[in-house]
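Student: Next input, structure requested:
(one chain, ligands or ions: 1)
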Amino acid sequence: MSLFQVNRYFGDEFDGSTSKESRSLELLGQLHQKAKEKQKQGFTEDRIQCSEPHADHLDVRKKRKADNVSSQESPRRKKKKSRDPVMNVSANIHSDPVEDEEKRRQKVGNEMKNNIESDCIVNRLSEPSAIGRDGEVEETEDNIPKETSGNSSFPSSFTVLGGFENKPVQKVHRVLPQWLAQPDVIPRDMKSKLVPCSDIRGLSVSLLNQLHNHGIQHFFPVQAEVIPAILEGAQNGLLVGQAGYELRDFCVSAPTGSGKTLAYVIPVIQVLMKRVVCKVRALAVLPTKELAQQVCKVFATYAEGTALRVVMLTGQKSFEAEVASLSEQRGGMRRCLADIVVATPGRLVDHINKNSGMCLDHLRFLIIDEADKMIDSMRQSWLSQVEKAVYGTVDQRPQNIFRQKAALYVTAASLSPPQMPLQKLLFSATLTQNPEKLQQLGLHQPRLFRSAKTESCCHVPEPTMDSHEPEQFDFPQSLTEYYLPCTLSKKPLIILNLILRMKLRPILCFVNSKMTAHRLHLLIQLFGGVQVAEFSSRLSPRERKKTLKEFEQGKINLLISTDAAARGIDIAGVKCVVNYDAPQYIRTYIHRIGRTARAGKPGLAFTFLLGIQEQNFLQMVTEAGSLGIRKHIIKPENLKSLEDRYEQTLRELATVIKEENVNRR
Ligand SMILES: Nc1ncnc2c1ncn2[C@@H]1O[C@H](COP(=O)(O)OP(=O)(O)OP(=O)(O)O)[C@@H](O)[C@H]1O
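Tutor: Numbering: from 1, shown residues only. The predicted structure follows:
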């Protein structure tokens, strides 16, 4: 017995009562009838088209012409065309009725096949490599223009891909504003361009004495350029800008360690020392607590012997203690206790919003140090909060004749009442040359001071919109840069070799994470022979301060740090910087290596590079304007004697880390 019985479907009308033969004959008859009807229909349509000229008429003639041409074509091509379902209609009319059933079934199959073929052709059009591989495809290629242009057997719903003209995209050249394109040049050579302090006009004797007492007889080039420019703007005193106008803002771009801090500390002290009433007139904003602390110390040093008071707002003290240092209540009045405020942006905003004693109505200087970093933190909108606190709203403004007003176009109305100037002073070793970024700072008629060898060297490469051209920076002249090709496993041995064998100490060593800083510090501590410490956000601000002090005092030979110490930190006597982990960005590299070779003193920078990092890193550094980075190879035999001890230390380290993890839980 068979598992399946195969029955044939004869149509809806077939009820099984008539015999199969008579049913077939009946169907054949129906087919004949349909064929005759179709033939008649075609005949009538032809006659209508002949008698009534129509737009389609031309198409039909073209089609017929194409049919005639196709009849003269090669048999292979003919065969291909005969698969077209449209062409098959007329063939069916004159065919043998017995074969019709079979052909009908084939027709459906052919239609599907033709559609698939058309698809393939369309797809091949977008694949130039596929065209012309064999005769058939070449034939298709010949037909493309005819078929896509209108009367084709192609289903019109297909979109033909490709065929776009490959036009070269033109570079959009931006024109830099004049102040960026033509800056005031600061000579690069720090040693030969020193200017005696007494040559700068407008500095008081007491301030000159202070400078002398701190071993400064000459100003560095950046100081010699910027100090007189700031003093000049303050010739009219604190209340009115030069000739009654709002003052120009300054941007200063000079290498690390070139003395930018004194370039603003000295003139600000000089201008403010004549003040009568204590008000916050200078505000310096810095990205980290350590930097704010350092700058605050410099301000305090040079404010000694004057009535000026310097206050720091970084969160190192409690909020209440900071509030008390800013103002006091006396006789029903709030009295300001700070002339110069040095702050980090977060803490500053806290005081603006929560401390009623924080009054910026009389602010004369807004100093933004590490300006490029501060632009990055602009999302915190600290600057707009400061400006709001300075200019206030119309109703909040005090009714005195001198009032702070945001700088506008100069008109008779804008100059009455006289404007009380607020001048922004921006400083960085890696100041952006991107006008759009600088625009975020709302600068008023800015003036740029930029370090360069000669005036002609000060050309700022114009950025193009489509290519992110690398920015160029100035590197310290007294710095020698090296890179050390190495493998991951050899890195700890190499740093041990630098400090134990080559006697390069103190070393400031940078890593990319606080975990690496901690573990490398443990490893070297366990190895012995080196006074090592770590510096990262793992430590409290108090611990960090203590560590930096000990490093400065020479109690620590090797300080392993994250980028927390990369910017601005001024530690005297750092002879060597090591990039244990290569920095990812050029700005990070410039600030890290800038912790040595400061104030014109010599310094060394070593960067450990894995094979995979070498090419990109060297390209990045060269494009940024490095004075030259040399290869330094440490011979494997130099590391050999350290290896046994190192292996043992690694095992000890594993135990220590395990214990640490247990204690943490
Ligand atoms: N005229 C000068 N004579 C001698 N030493 C100076 C002079 N000016 C500054 N210095 C010293 O040079 C060192 C670097 O100065 P400073 O920290 O201001 O550099 P910087 O340009 O701000 O560097 P960075 O970009 O890294 O912050 C400091 O130790 C400072 O005391």
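Student: List the contacts of residue 275.
Tutor: For residue 275, the set of contacting residues under the criterion of CB atoms under 8 Å, 6 or more residues apart in numbering consists of 238, 281, 307, 308, 339. (C-beta placed from N, C-alpha, C; glycine too.)
Student: So which one of the residues you listed is the model least confident about?
Tutor: The weakest per-residue confidence within these falls on residue 238 (67).
Student: which of the contacts of residue 275 tops the neighbour count?
Tutor: Among the contacts of residue 275, the one with the most neighbours (other CB atoms under 10 Å) is residue 339, at 26 neighbours.
Student: For the closest residue to it other than its chain neighbours, give its distance to the ligand.
Tutor: In this structure, residue 339 finds its nearest non-sequential neighbour in residue 308, 4.5 Å apart by CB to CB, 6 or more residues apart in numbering. Look at residue 308 and the ligand: by CB to the nearest ligand atom, to the nearest Å, they are 19 Å apart.
Student: For residue 308, list the residues it contacts.
Tutor: Listed by CB under 8 Å, 6+ apart, the contact partners of residue 308 are 269, 272, 273, 275, 339, 340.
Student: cutoff 10 Å now
Tutor: By CB atoms under 10 Å, 6 or more residues apart in numbering, the residues touching residue 308 are 268-269, 272-273, 275, 278, 281-282, 299-300, 302, 338-340.
Student: How about residue 583?
Tutor: Taking CB under 10 Å, 6+ apart as the criterion, residue 583 is in contact with 510, 512, 563, 566, 589-593, 607, 617, 620-621.
Student: Which ones, among those residues, also lie beside the ligand?
Tutor: Filtering these for neighbours of the ligand using CB under 6 Å from any ligand atom leaves an empty set.
Student: got the residues you listed as TSV, with secondary structure and distance to residue 639 columns?
Tutor: TSV is the format used below for those (DSSP: H, G, I helix; E, B strand; the rest coil; distance: CB to CB, whole Å):
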residue	secondary structure	distance to residue 639
510	strand	21
512	coil	23
563	helix	28
566	coil	28
589	helix	25
590	helix	30
591	helix	30
592	helix	24
593	helix	24
607	strand	18
617	helix	22
620	helix	28
621	helix	26
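Student: which SS state does residue 307 fall under?
Tutor: coil (DSSP: H, G, I helix; E, B strand; the rest coil).
Student: Validate this expectation: residue 277 resides in a strand.
Tutor: No - according to three-state DSSP, the state of residue 277 is coil, so it is not within a strand.
Student: what about it, neighbour count?
Tutor: In terms of burial, residue 277 registers 9 neighbours under the definition other CB under 10 Å.
Student: Let me know the helix or strand that residue 534 is in.
Tutor: Following DSSP states H and E, one finds residue 534 within strand 532-535.
Student: List the strands paired with that strand, with their directions.
Tutor: Neighbouring strands of strand 532-535 in its sheet, by DSSP bridges, are strand 558-561 (parallel).
Student: Would you mind putting the CA coordinates of the strand it pairs with into PDB?
Tutor: Output for strand 558-561, consisting of C-alpha atoms alone and laid out as PDB, is shown next (Å, rounded to 0.1, in the frame of the first residue of the first chain):
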ATOM      1  CA  LEU A 558      60.400  58.500  41.400                       C
ATOM      2  CA  LEU A 559      56.900  59.900  41.400                       C
ATOM      3  CA  ILE A 560      54.400  57.700  39.400                       C
ATOM      4  CA  SER A 561      51.500  59.900  38.400                       C
END
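Student: quick check: mean pLDDT across that strand?
Tutor: Predicted confidence along strand 558-561 averages 96 (mean pLDDT).
Student: Got a quick PyMOL command for the buried subset of the contacts of residue 308?
Tutor: Applying 16 or more other CB atoms under 10 Å to the contacts of residue 308 leaves a buried subset, and the PyMOL line that selects it is:
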select buried, resi 268+269+272+273+275+278+281+282+299+300+302+338+339+340
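Student: Check the contacts of residue 275 against the ligand and report the nearest one.
Tutor: For those, the closest approach to the ligand (CB to the nearest ligand atom) belongs to residue 308, at 19.4 Å.
Student: follow-up on the earlier one: between the contacts of residue 583, which sits nearest the ligand?
Tutor: Nearest to the ligand, judged by CB to the nearest ligand atom, of the contacts of residue 583 is residue 591 at 6.7 Å.
Student: Make CSV out of the contacts of residue 583 and add neighbour count.
Tutor: Formatted as CSV, the entries for the contacts of residue 583 read as follows, by neighbours: other CB atoms under 10 Å:
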residue, neighbour count
510, 29
512, 16
563, 16
566, 22
589, 26
590, 24
591, 25
592, 24
593, 30
607, 25
617, 21
620, 18
621, 22
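Student: related to what we said a few turns ago, out of the contacts of residue 275, name the two that are farthest from one another.
Tutor: Among those, the pair separated by the greatest distance (CB to CB) is 238 and 307, at 14.1 Å.
Student: can you list the domains in this structure?
Tutor: By the record's domain assignment, the chain is partitioned as 178-452, 479-663 (the TED database).
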